[in-house]
Structure formats: structure tokens, C-alpha cells
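*Asks:* Sharing a model prediction with you, sequence too.
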Amino acid sequence: MDHPLTASLNPPQREAVLHTEGPLLILAGPGSGKTRVVTHRIAHLLAQGVPDYQILALTFTNKAADEMRRRVAELVPDAKVWMSTFHRFCARLLRQYATSVGLGENFTIYDTDDTRKVLRETVEELGVDLTHVTPERLQAAISWAKNHLIPPDRYEPQAGSAVGMIVKRVYPAYQARLLADSAVDFDDLLLHVVSLLTESPELRRTLDARYRYIMVDEYQDTNLAQYTIVRALSVDHPNLAVTGDPDQSIYGWRGANLNNILEFEKDFPKVQVVRLEQNYRSTQRILRVADQLISHNRRRKPKSLFTDNQEGSQVRLVKYLNNRVEAESIAARIAADVGAGRRRPRDFAIFYRTNALSRNLESALREYAIPYQMVNGLEFYQRKEIKDVLAYLHLLNNPRDRVALTRIINVPARGIGKSSVIRLAQYATHRGKSMLDAAREAGLIEGLTKRAAVAVARFVATIDHLAVARSGPVETIIAAVLDETGYRAMLKESDDADDQERLANVEELLTAAREFDEHNPGPDQLESFLEQACLVNDTDAWEVDDDRVTLMTMHAAKGLEFPVVFIIAVEEGLLPHERSREDAAALEEERRLLFVAITRAREELQLSLARQREFRGSSRYAVPSQFLMELPHEELEMTERLYAEQVRPQLSPEGMERLAAMQGIADLDAVELEILNGLAPGEAMAAMQQMVAEATETGLAANREPNPAFREGPPPRLTTAAALAEAETATGTGTHPAIAARPTTPPDDFLQGMLVQHPEYGLGKILAASGTGSKRTVTVAFVSGAGQKKFLVIHSPLMLARG
DNA sequence: TGTGAGTTGATTTTT
DNA sequence: TCAACTCACA
């Protein structure tokens, strides 16, 4: 009988799906339908009668886990298969057995920031001199050791390594401090689970039997700790299915060991190996470029990628004068394609090696009013105010959490200064007490002023009072924290517009908590909430459905695909990154990184570099990446651009409509269409935004008077920011020349909820307003993707878009 | 104790 | 370029 489940699969895919018993290695090239195979395999297992709780699927990112969950649900709606990241899985497990590894029942997960604080304090306590070693370096070294399962007492530095010597001293103290705080860092989550499994054969057996079918995604990225965990759970029931591609291993710097996948067949001699080599994503040309590049790597399993897709156009390789021209040209191209109706914003992605490279792109895209989303930036849970509130929760959850206590003992200000906190910490360390317990004895602490002691006592009382409601709904706990600590009042009474924004963020946290409560009913959910907050990351915020251009690092791009991909700054020192150039293995990883980036493209691909690039404030001449020499030149179309591309699209009616929809306008009349066609794309976009403002003003998108800004004929053409700035100075209005001058509005007329127009950022809404007259400040959220900004109204080029 | 200005120093990728 | 940290002052 035919399996309806496998009807749509090619032979190797089917083979992988139908293989259920015994180890399985799926070598999946890019775009080969890997997720499809994994999800169908889960569905198949379930159809075979395997209970859902016996299946465990492990990924590296929440994004991947969510995607898998979504797609399994499409096949088998009610299955409750456990799909999560390694770290989350370990956190869950660890919570049951925390005491066996020396942690308190409610342990805290310290993030990178917290970890650095602990490290810094440890270094200080030990009196270690850090003149030539940054804490980050130390952090990386300790993380490396942990990823390689080297405990503090077995750490031996390489001969002559200055960092190593310091690590040898600091690592044990650091680890002791974590345990004292009943806290773990990210690496510990894995490490503690490894010790659980190695030290308790019984527990290992139980879990092995429980998770009978284990799948690991992106197996090439596993480090020794992850490898050990997976192996330990696959001894009695070795139904371990791993998928991966050695050519896409890009996390070596985080301890990922390529050997795990290269030697899987040695680890499990009876393994079935399936190769997925047919690519369903890219054009022949893109695939050939990728293939040729990666063939220069030595440490790999050779594979032959092929596709039935079209030949496609040549891959563009463009050399720009400088980074500004690069960014503007890319933005112009995108604007042209969108304007002509050929593409939507969501079809495009721009990749770069380091986050710092995104700046020019952002402003260029804003200039063209192209909506974009950037995957990184200050992530919600990293914001100061969110971390503050969460610190209160952490302290309630784990009274030993020292980082949390020091963070908020004087926030809002209670008159407990730095020196008092140090005294408190010393007292606690001396007596082996937690900071909170030490604080309870504030009156006994030498060197603490009476005033400080009273303040500390009051702080303890507040915490104790809050602790009473600790087991209730999270939203209630947060609300109590905000009220009883005075945190909300502190923000509310502030004149600073930043604080108004913070207040809004804090309210958002309340909403998040409410949603969490709905999904997680029952008492004592605080720890679970905090765990979730600690283990989310930037890419999780990326929205597939938004019609926006995507900006991200090449690392974040893994697992995604886009019709058109731009890869910028393919230059020595950036693409093989500075720090990777000497080391052959690291260089291969950089090559894989470019391979990953290239293979994200479905139809069009452009690689670019600049002759001159501004970096760290100063400008320098760039050398083309050595990887460019390795590409097949017959597949490339090479051009050089010394000025910003002037792409003047003839906007088709269809394209205009799309643009209009993007900008929120219902329809356009013929006159407007004609005028817009006469403008450079950047101006056309700005003009569009103006129309939105007009439309909002009248409340009626249709049936408008033609915009007065266009009656007087096209404004001077300006494309570069320099020219724009010049024009601004000349007119003295500070507004884009395409926008008609308006009478100035008194600052106090800028009210919360109003729509405003900004020459650079476009249309936005006032989220918060404070102060009066010349001190009037507003926080504005922009639709363009610029995010939120605050302005002193009187000095800002903001104009009301309504009234 | 708290704030502000000035200086310094560092910048890959992330669970 | 920018953020974090230091130091001086109120």
C-alpha cells in the first residue's frame, strides 16, 4: 500500500522518513527539503504507533523548533512531541534534578551580561591583574573549557598562555560563585546534564528508555557536551536520527565539533546514511557558484548538489566606490523592483558578516522608505528596564541570586550606594550567606552607616512582602513588583522621554506575562517564565509574514531562504574575518559561512564589496576577499560602480498599487501617478509618505485633492544624503524638499497618539509625550522600521501629520 | 550618595 | 562610532 505521507517525497527523502529503527544519518545539502523529511518522519513514527512522548526533537534555535512544531502540527494536529532547543531541554531536565548537581531547587540562568558581571567580580576578589586580557577573552576561554567538558579542577593551560594561566585561577572561583548563587551560565545547562547522565547510570537508563526516538537538527553544530548528551540517551535505544551538512557548520567558535558529524558512522557502525542532494531552492547558476566555492574546503564530505530548477541569471559581483554607494545602490535597486511591481519587499534579504555593517543599509533603506526588519539590535529582554523588573522576579524565585540582588537593591534609588553594597557582599562572602540573608542582618554589619542599614532593612521587607505572592500568576507578581518597589512610579514621574518608553516596555512585559499565564495555568510558574525569558534570542523576533526587507548577519540566515539575496562587504578582514585568517580551520569555517549565505538565494544573488570602507569611524581601503577568486568567473557578472546607482523606474500601475498598499494608501489618481513617475525613487517614496499623511488628515484615502506638494512641479532631484543635507541647510526647514513647508506647530500641540512626519524616518506615531514648551519631548514609533526615537520637539524636524 | 562630563578602549558570529 | 567606565563635584 502506498503511504500518503511519502507520496510527495523523492526516493532518498522517502528512505529517510521510513527508516525508524536504528541510527540514521541524513546528510542534507542546502534547500534539499530537510525540514520536510524531519517533520514527515515524526508523522510517520506517530502513524506507526509510537507514543508522542517517546519522540524528542532537538534544535539549536527556538526559531527552528517553532518551525518544526508548526509543520508537524500541519501533518498531525494533536501530537505532543517534545521539540525544543538543547538548552531548553536541559533546563527542563535540570530543574528536576537541580539538587544532585549542587544547585538550589530554583536556579537562575545567567545570561552573557550577568556572567560577565560575575566574572568581573571574581577577578576583582582574586586580585587578578587583567591589564592584557579582556573579561570577554576570559569568558570565551571558560566557555571553551566547558564546551569541551573540562571542569575547573582539571583545567590545564597551554604552555606559555597568559590567558590560560589566568583562567586556571579564575575558572574555579567563578564556578564556585555560580553554585553559591544557585545559578548557571548557558554552558552549565549542558554541562550539568552531562554530569547527571554520567554520574547516575540509573537516570541515564530511565531517560534513554523514555526518549526512544531522538532527532537532532543541524548536527554539524553540536559541541562535545551536546554530543555526549545525545549519545548517552541513545545507548539502549539507538534510534538516533541526525540531520546536518558539514558544509554548513558555522559555529566552531562556539565549540561545535565538525568531527561529530564526520565520524558519526564510526560512532554508530550500523548507521543508515541518506544523502539529500537535490536542491529545490536555487537556480543552477547560484548552486554552481556555491558548489565551486565550497569545493575549496578540505575537511568535508564531498557531495554533488544538483537541481532541476532554471538556469537563472548570472550572479552579480559589484565593486562600489565606498560603503555609502553600496548601501544606496542596493536600496535603489530594491526600490526599483518594488516600484515596478516585480518584487515585494519581503523577497529581499541583505546579509553581512558583522552587525556593525548594517548602519548604512538602514539609513539608505529609510531614505527610500522601504520597510525593513533587522534581526538583532537591542532585544526586548536585554533592555535595562526589562532586566530590572526581571531581576526582582529572579530574586523572588532564587533568593541566592546575587547578580539580581545587586542589580536592583538600589533601583529605584533607596540610598544604598556602591560602598554599602560592597560591604554587604563582603559580609555575605565571609559568612557564607546569601546577599539577601546578609541584608537581613544589616544592623550588625560593620562599616554600614545607620542610614544605609535602615534602607537595606526596608528593602528586605519589600522583598519579603513580595515573596508572599510568589506562587501566583506571573502577571500579578510583576504588577506587585512595579507597585510596591516604586519602579513604576519612578518611571511615571520622570520627565525623560526615554523613561516613558521604558514604561511602555514594562507594560509590554506585563502583557507577555499575561499571555504566558494563559498558556501555563496553575501555581508556581515563575521559574518557567524566567527560563523562557532567558533563553529567547534575537532571531526569534523575526517575522516571516511581514512584508519587509530582511537585514541579518550571515549566521542568523541559516535555515532561511529568499528570492533575492545581497551579500555585502565581501572583503578581506571582514569576510574571512580578521581573526580567522591565520588558522586554516577557521578559514574553512568562513568559507562555509559564505556558502551558507549564497545558498539562501532562490533566484537572484549579488555579492558586493567597496573600494573604501568606513569602519570604526575611520575609512580604509578594502581588499577583495580571497573567496571571490575561488568563484567560477563565467557565472559572474562583474561591474564597478563609482557613484550611487540611479535607478529610475517607470512605475507600472501594478507596482504603484503595491507601493501604495505598502504605504497604507487605498488608491492613487492618475495625476499623482504621473508625478511620481517623474521623481527619483527616493523622492517618490518620500512623496508617498506625504500622501499617507494627507490621507490621514482628511480621513479619506480616496477622493482627495491632488497633493499641493506636487502641483508646482517636481522638486530638485537629490539622491545622496550629502545632497539632502545640503538642501536641508539651504532651505532651513530641515524637511525633505519633496514635502511642502508648513507653518510651525507649537511644541505643546504634539500629543500622545498623534501621527507625525519626519524627513528621514518617515511617518510615525507619538507613543509618549512629556514636558512643555521648549522642553517638550516626544517618543515616536516609525512605520519605516526605524523603530522608536525620542525628540526634543523644538529642535526636531517633526511635523504633525494631522491637525 | 548621586550625577554628569569626559575619557578610554574595543568591536564576530549566539544558546 | 559608541558604550561603558572613571573621576570629580554637588
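*Replies:* That came through, no problem.

*Asks:* If you drop the residues flanking it in sequence, what lies closest to the residue in the stretch 101-250 of chain A that DNA strand B sits nearest to?
*Replies:* Taking Cβ to the nearest atom of the strand as the measure, the stretch 101-250 of chain A has A:F186 as its residue closest to DNA strand B, at 3.9 Å. Every residue, glycine included, has its C-beta placed from N, CA and C. Leaving aside its sequence neighbours, A:F186 sits nearest to A:H87 (Cβ to Cβ, 6 or more residues apart in numbering; 6.4 Å).

*Asks:* Quick one: mean pLDDT for the strand or helix carrying that neighbour?
*Replies:* Using DSSP states H and E, A:H87 maps to helix A:86-97. Averaged across helix A:86-97, the pLDDT comes to 93.

*Asks:* picking that back up, count the residues that sit near the residue of the stretch 101-250 of chain A closest to DNA strand B.
*Replies:* Residues near A:F186, counting by other Cβ atoms under 10 Å, number 21.

*Asks:* Let me see the contact set for it.
*Replies:* A:87, A:109, A:111-112, A:115, A:143 (Cβ atoms under 8 Å, 6 or more residues apart in numbering).

*Asks:* got it, and A:G31?
*Replies:* Counting by Cβ under 8 Å, 6+ apart, the residues that A:G31 touches are A:279-282, A:307, A:561, A:599.

*Asks:* distance of it from DNA strand B?
*Replies:* 21 Å (Cβ to the nearest atom of the strand, to the nearest Å).

*Asks:* Which residue lies closest in space to that residue, excluding its sequence neighbours?
*Replies:* A:R281 (2.9 Å).

*Asks:* shouldn't that neighbour be in contact with A:P30?
*Replies:* Yes: with contact defined as Cβ atoms under 8 Å, A:R281 counts as touching A:P30 (6.8 Å).

*Asks:* Secondary structure element for A:M83, which one?
*Replies:* Here A:M83 is assigned to strand A:82-85, by DSSP H and E.

*Asks:* just how off-centre is that strand within its chain?
*Replies:* 19 Å (Cα atoms, centre = their mean, to the nearest Å).

*Asks:* Poorly predicted segments of the stretch 551-700 of chain A, please.
*Replies:* For the stretch 551-700 of chain A, residues meeting the criterion pLDDT under 70 lie at A:644-700.

*Asks:* what do you get if the cut-off is 80, keeping everything else the same?
*Replies:* A:579, A:581-582, A:615-619, A:642-700 (pLDDT under 80).

*Asks:* quick one on the thing from earlier: what count of nearby residues applies to the residue nearest to A:F186?
*Replies:* Neighbour tally, A:H87, other Cβ under 10 Å: 22.

*Asks:* which residues touch it?
*Replies:* Counting by Cβ under 8 Å, 6+ apart, the residues that A:H87 touches are A:186, A:189-190, A:535.

*Asks:* and with 7 Å instead?
*Replies:* Contacts for A:H87 (Cβ atoms under 7 Å, 6 or more residues apart in numbering) come out as A:186, A:189, A:535.

*Asks:* Same check on A:Y320?
*Replies:* Counting by Cβ under 7 Å, 6+ apart, A:Y320 has contacts A:326, A:329, A:608, A:610, A:641.

*Asks:* if we go to 8 Å?
*Replies:* Contacts of A:Y320 by Cβ under 8 Å, 6+ apart are A:326, A:329, A:608-611, A:640-642.

*Asks:* Could you find the closest non-adjacent residue to it?
*Replies:* Closest to A:Y320 by Cβ to Cβ, 6+ apart is A:E326, at 4.0 Å.

*Asks:* isn't the one you found right next to A:I567, touching?
*Replies:* No: using Cβ under 8 Å, A:E326 is not in contact with A:I567, being 11.2 Å away.

*Asks:* for chain A, what helix or strand is lowest in average pLDDT?
*Replies:* helix A:708-711 (a mean of 28; mean pLDDT, DSSP states H and E).

*Asks:* ok, back up a step: possible to save the contacts of A:H87 as CSV with pLDDT and secondary structure?
*Replies:* Shown next, in CSV, are the contacts of A:H87 (pLDDT from 0 to 100; DSSP: H, G, I helix; E, B strand; the rest coil):
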residue, pLDDT, secondary structure
A:F186, 91, helix
A:L189, 94, helix
A:L535, 82, coil
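
*Asks:* so can I have CSV of those showing distance to A:S363?
*Replies:* Shown next, in CSV, are these (distance: Cβ to Cβ, whole Å):
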residue, distance to A:S363
A:F186, 34
A:L189, 39
A:L535, 33
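
*Asks:* so where do the strands sit in the stretch 451-600 of chain A?
*Replies:* A:549-553, A:562-567 (DSSP state E, counting those that start in this stretch).

*Asks:* buried stuff in the longest one?
*Replies:* Put plainly, it is strand A:562-567. Buried positions in strand A:562-567, judged by neighbour count with 16 or more other Cβ atoms under 10 Å: A:562, A:564-567.

*Asks:* hmm, that strand in reach of DNA strand B?
*Replies:* No: judged by Cβ under 7 Å from any atom of the strand, strand A:562-567 and DNA strand B are separated, with a smallest distance of 14.3 Å.

*Asks:* strand partners of that strand, parallel vs antiparallel please.
*Replies:* strand A:348-352 (parallel), strand A:601-615 (parallel) (DSSP bridges).

*Asks:* what does the first one give?
*Replies:* Paired with strand A:549-553 in the same sheet, following DSSP bridges, are strand A:348-352 (parallel), strand A:372-374 (parallel).

*Asks:* who's in contact with it?
*Replies:* A:334, A:345-346, A:348-355, A:358, A:361-362, A:365, A:370-376, A:539, A:542, A:560, A:562.

*Asks:* Would you list the buried entries among those?
*Replies:* Buried among the contacts of strand A:549-553 by 16+ other Cβ under 10 Å: A:334, A:345-346, A:348-353, A:355, A:358, A:361-362, A:365, A:370-376, A:539, A:542, A:560, A:562.

*Asks:* how many neighbours does the residue in the stretch 301-450 of chain A that DNA strand B sits nearest to have?
*Replies:* Using Cβ to the nearest atom of the strand, the single residue of the stretch 301-450 of chain A nearest to DNA strand B is A:G417, 2.7 Å away. For A:G417, the tally of surrounding residues (other Cβ under 10 Å) stands at 13.
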